[in-house]
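1. no sequence on this one, just coordinates:
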């Protein structure tokens, strides 16, 4: 189990198949050491803001990147994004939408809310593995976050 204060990637994904593919892609490139998975928007908010079952977590221990699906149970991904970007403690955390939605309104709204990147999940397995691998390499190794 990953130390919840040392999470590098927070994966917010309700589809078990997409979760497994994403984790496999990260492992394939040796960037899955500190990944934490939550399966709905409410759990994502609890994790990010150290509430509910995550009260022992420090809010200041932000993940390096949040991979966020939009179509989530309990709390929609756009609402999760809005809450992250509207709070001073979490607003600088990079959020990458990783979703199957190609809807223009979802893309526009995500960018209005401050998403770092919007990626439509490739249906092809090899392309999906490649996309997730590139995401992990960029956000964990190349991107320079603020203090």
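-> That came through fine. Predicted model only: the values in this text are computed from it and were never measured.

2. Assess the claim that residue 120 and residue 99 are in contact.
-> Yes: shown here, residue 120 and residue 99 form a contact pair, counting by CB atoms under 8 Å, at 6.6 Å. The C-beta positions use only the backbone N, C-alpha and C, and glycine is treated the same way.

3. which SS class is the residue nearest the centre of the chain?
-> Taking CA atoms, centre = their mean, the centroid of the chain lies closest to residue 67, which sits 1.9 Å from it. Residue 67 carries the three-state label strand when classified by DSSP: H, G, I helix; E, B strand; the rest coil.

4. cool, residue 10 as well?
-> With three-state DSSP as the criterion, residue 10 reads strand.

5. Thought residue 46 was touching it, still the case?
-> No: taking CB under 8 Å as the definition, residue 10 is not a contact partner of residue 46, at 11.5 Å.

6. Please identify which of the two sits among more neighbours.
-> For residue 10 versus residue 46, neighbours defined as other CB atoms under 10 Å are more numerous around residue 10 (23 against 18).

7. who does the more buried one bridge with?
-> Beta-bridge partners for residue 10, by DSSP bridges, are residue 36, residue 66.

8. shared neighbours of residue 10 and residue 46, which are they?
-> Taking CB atoms under 8 Å, 6 or more residues apart in numbering as the contact rule, residue 10 and residue 46 both touch residue 38.

9. Per-residue confidence, residue 59, what does it come out as?
-> We note a pLDDT of 85 for residue 59 in this prediction.

10. again with residue 125
-> 74.

11. Now it: closest residue in space that isn't a chain neighbour?
-> residue 21 (7.1 Å; CB to CB, 6 or more residues apart in numbering).

12. Please identify the buried residues of the helix or strand harbouring residue 17?
-> Under the criterion DSSP states H and E, the helix or strand holding residue 17 is helix 16-28. Of the residues in helix 16-28, those buried by neighbour count under the rule 16 or more other CB atoms under 10 Å are 18, 19, 21, 22, 23, 25, 26.

13. tell me the contacts of residue 37?
-> 11, 12, 13, 19, 23.
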